[in-house]
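K.L.:
Any chance you could fold what I've pasted below:
(chains A and B)
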Amino acid sequence: MRTATVIIGAGHAGLAMSCRLAELGIDHVVLERGEVANSWRTERWPSLRLLTPNWQTKLPSFPYDGADPDGFMSAGALAGLIRRYAGAIGAPVRTHTTVRAVGFHDDGYAVTTEQGTWTAPTVVVATGACNLPNVPPYADAVPASVSSITPMDYRGADDLPEGAALIVGAGATAVQLADEIHRSGRAVTLSVGEHVRLPRTYRGCDIFSWMESAGVLDERFDEVDDIVRARHVSSPQLLGSPDGRAVDLDALTDLGVRLVGRLAGIADGRARFSGSLANVCALADLKMHRLLNRLDEWAGSAGQERPERTRLPRDPALELDLTNGEIHTVVWATGFRPDYSWLDLPVLDRCGRIRHDGGVVTGVRGLYVLGLPLLRRRRSTFISGAVSDTRDIASLIWRDLSRRDCALTAVR
Amino acid sequence: MTLTDAPVDNGINLQALMDARGALGDDPTLGHFVWRASSRWENGTHSFSTVEKFSGLGGEQSHRTPFGYDIDHPECFASEDHGATPVELILVGLAGCLTAGIASVAAMRGIRLRSVTATLEGDMDLAGVLGIDPGVRNGFHSVAVHYKVDADATAEDVEALVAQAQKRSAVYDVIANPTNVVVDVNR
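P.N.:
I've put the predicted structure just below:
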């Protein structure tokens, strides 16, 4: 089977891409291993909500039109929205069509699936940034008496063993699970490395409202200092909760969560933590203030109230015995990574990351990637990033196909 | 060119720093370094350590000249006090590392430094090293570093400088994180 563009993945980004290509009359197919919005449907915990408010949850030709623009969508509601979107735009999705390999073919690519092979001069990888949990190698050293889970397996605090939990990580997932698991009556110890602190609201408005208005979300990838680093900072310590509650380290401390430093390793049943907690908190506080300063500058006046410096425990524990029965569960909220095991192309760096320049994969022709953090702009990290990113990539694909003198509408 | 027009570099060779980052990014093997020291017992608690050669950037490297250090314990330990104690040298290493980091990061950020001073304290309970109480660790219970920085920058920028220097410091990392240590002996 031949087409002009194969899009791999029918999540929000792949479908947004399909909408853009249809607008330009470019023949394409969207290959999906499961159902539309498969990851949101099957790989996220039910209480997960987007960090961004509903009014920002929009896709090409599909603004938010619900009744709660300032609310935060649950994973299930988002999956429903993406499914409705696929129907609304009439996307040519082939569900239950798992891609097994993508390799070079003629002047383009062969995409091998369990239902046959597609060839196309252009391919868009829209399989997402969060396919696999990023678990450190020393996770294997957790004693057998302690259960060890990742957010991919987590479905709710009540499924966990009774008793205390060690949560490793300090991004959005880690702090949200710390809040939820501690509230379930399981005492939480949170192992905190570098993190991003943001207030849910600032000067009476949601922080994403500020970042939208002040143009922060539209900052381009080629304007950001050290883009490699910027693409790997953890997600902000926010919760899209109807009650607007904070889940930063101070809020968790107030709840009774115990803070320790970054997990440095596990040996002989003992978890050992870095002594760097004070500095990672100082870095996060300073970074937050730099953003708030920028928002104040944009507003033309200084805000009256700023979050206080993160309160540190007096003597953070450097060691935790995992064998004495205190800790029953370790949760690895240590981030996610994409799975490119099916990509038989020389496009990955030595860390397994796809090398790209604003979504244009480096070193090959006609291969694009979508839905990665800070792909083309800060907004790329969030759902609405697909609106502008797919517009840009679609015009690049159109130019690419035109130069090849390739029929945009291929023989089906 | 007047003094105020001079580009801010704090005596750091910024170009070399950028070039090194580029080169090591292109060829990660260049970044593999082995640091070495040698030591010889003198008498009592006194030893003499030297540093000279190390490897990195794809080959053997050498200091401009060998450097040597007398290491001993003070007279209140019934020692002859020929030099700094080993734990003081740890503090010396931490100060040297953080301060070099502050100067480099400041140069990268175009911040002119006028003075950078630090005092360091590591607190320790001797019940550990003397084997009096097995529950007490041998090493520092905690380390405190107090910086005074006079620079052409806001208090917030100076704080960010010091935070970044910690984030990028080898000795800070060595002290704050566990490291496997293997010691062998030959006759």
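
K.L.:
And for the closest residue to chain B within the stretch 151-300 of chain A, the neighbour number?
P.N.:
Nearest residue of the stretch 151-300 of chain A to chain B, counting by CB to the nearest CB: residue A:275, 3.7 Å away. In short, each C-beta sits where N, CA and C put it, glycine included. Neighbour count for residue A:275, taken as other CB atoms under 10 Å in any protein chain shown: 19.

K.L.:
Quick check: nearest residue in space to it, chain neighbours excluded?
P.N.:
Distances taken as CB to CB, 6 or more residues apart in numbering or on different chains put residue B:176 closest to residue A:275, at 3.7 Å, once the chain neighbours are dropped.

K.L.:
I'd guessed that neighbour sits against residue A:276; true?
P.N.:
Yes - applying CB atoms under 8 Å, one finds residue B:176 in contact with residue A:276, separated by 4.8 Å.

K.L.:
per-residue pLDDT, residue B:17?
P.N.:
Looking at residue B:17, its pLDDT stands at 85.

K.L.:
Pull up the residues of the stretch 251-400 of chain A that are close to chain B.
P.N.:
Taking CB under 8 Å from any CB of the partner chain as the criterion, the stretch 251-400 of chain A approaches chain B at residues A:261, A:264-265, A:267, A:272, A:274-276, A:279, A:282-283, A:286, A:289-290, A:315, A:350.

K.L.:
Strands - which of those residues land there?
P.N.:
Among these, the members found in strands (DSSP state E) are A:261, A:264-265, A:267, A:272.

K.L.:
So which of these is the closest to residue A:247?
P.N.:
Closest to residue A:247 out of these is residue A:261 (19.1 Å), distances taken as CB to CB.

K.L.:
neighbours around the closest residue to residue A:154 other than its chain neighbours, how many?
P.N.:
Closest residue to residue A:154 apart from its sequence neighbours, by CB to CB, 6+ apart: residue A:45 at 4.9 Å. Neighbours of residue A:45 under the rule other CB under 10 Å: 18.

K.L.:
Does residue A:45 touch residue A:150 like I think?
P.N.:
No - counting by CB under 8 Å, residue A:45 stays clear of residue A:150, with 10.7 Å between them.

K.L.:
Can you name the helix or strand that residue B:98 falls in?
P.N.:
Here residue B:98, judged by DSSP states H and E, is contained in helix B:86-108.

K.L.:
buried ones in the following helix or strand past that helix?
P.N.:
Using DSSP H and E, the next helix or strand after helix B:86-108 towards the C-terminus is strand B:113-123. By 16 or more other CB atoms under 10 Å in any protein chain shown, the buried positions in strand B:113-123 come out as B:113, B:116, B:118, B:120, B:122.

K.L.:
got it, and stretch B:124-134?
P.N.:
For stretch B:124-134, the neighbour count (16+ other CB under 10 Å) marks B:124-125, B:128 as buried.

K.L.:
Could you report the distance from the closest residue in space to residue A:222 that isn't next to it in sequence to residue A:52?
P.N.:
Among residues not flanking residue A:222 along the chain, residue A:358 sits closest, at 7.0 Å (CB to CB, 6+ apart). Applying CB to CB, to the nearest Å, the value for residue A:358 to residue A:52 is 21 Å.

K.L.:
more crowded one of the two?
P.N.:
Neighbour comparison, residue A:358 and residue A:52: the larger count goes to residue A:52, with 24 against 19 (by other CB under 10 Å).

K.L.:
did I read that right, that one in a strand?
P.N.:
No - under the criterion used here (DSSP: H, G, I helix; E, B strand; the rest coil), residue A:52 is coil, not part of a strand.

K.L.:
wait, isn't it in contact with residue A:379?
P.N.:
No - contact criterion CB under 8 Å: residue A:52 and residue A:379 do not qualify, at 9.5 Å.

K.L.:
Reformat the ones in strands among the residues of the stretch 251-400 of chain A next to chain B as CSV; add neighbour count and pLDDT.
P.N.:
As requested, those are exported to CSV (neighbours: other CB atoms under 10 Å in any protein chain shown; pLDDT from 0 to 100):
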residue, neighbour count, pLDDT
A:261, 23, 97
A:264, 22, 94
A:265, 17, 94
A:267, 12, 91
A:272, 19, 96
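
K.L.:
how about those residues, which pair is most distant?
P.N.:
Maximum pairwise distance among these (CB to CB): 16.1 Å, between A:261 and A:267.

K.L.:
Whichever strand or helix holds residue A:400 packs against which elements?
P.N.:
Using DSSP H and E, residue A:400 sits within helix A:385-403. If contacts are counted by 3 or more CB pairs under 8 Å, 6 or more residues apart in numbering or on different chains; DSSP states H and E, helix A:385-403 sits against helix A:12-23, strand A:122-125, strand A:367-369.

K.L.:
Of these, which stretch is the most buried?
P.N.:
Highest mean neighbour count among the helices and strands packed on helix A:385-403 (mean count of other CB atoms under 10 Å in any protein chain shown): strand A:122-125, with a mean of 28.

K.L.:
CA atoms only: put that one into CSV for me.
P.N.:
Listed next in CSV are the C-alpha coordinates belonging to strand A:122-125 (Å, rounded to 0.1, in the frame of the first residue of the first chain):
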residue,chain,number,x,y,z
THR,A,122,7.1,11.0,4.4
VAL,A,123,6.5,9.6,7.8
VAL,A,124,5.3,11.4,11.0
VAL,A,125,6.2,9.7,14.3
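
K.L.:
Would you mind finding the longest strand in chain B?
P.N.:
Criterion DSSP E: the longest strand present in chain B is strand B:59-71.

K.L.:
ok, and what's touching it?
P.N.:
B:39, B:42, B:46-55, B:82-86, B:89 (CB atoms under 8 Å, 6 or more residues apart in numbering or on different chains).

K.L.:
do that again at 10 Å, thanks
P.N.:
B:30, B:33-34, B:37-40, B:42, B:45-55, B:81-86, B:88-89, B:92 (CB atoms under 10 Å, 6 or more residues apart in numbering or on different chains).

K.L.:
I figured residue A:246 hits residue A:236, correct?
P.N.:
No - between residue A:246 and residue A:236 there is no contact under CB atoms under 10 Å: 11.5 Å.

K.L.:
same for the helix holding residue B:98, what does it pack against?
P.N.:
If you count contacts as 3 or more CB pairs under 10 Å, 6 or more residues apart in numbering or on different chains; DSSP states H and E, helix B:86-108 packs onto helix B:14-26, strand B:46-56, strand B:59-71, strand B:113-123, strand B:142-151, helix B:155-167, helix B:170-176.
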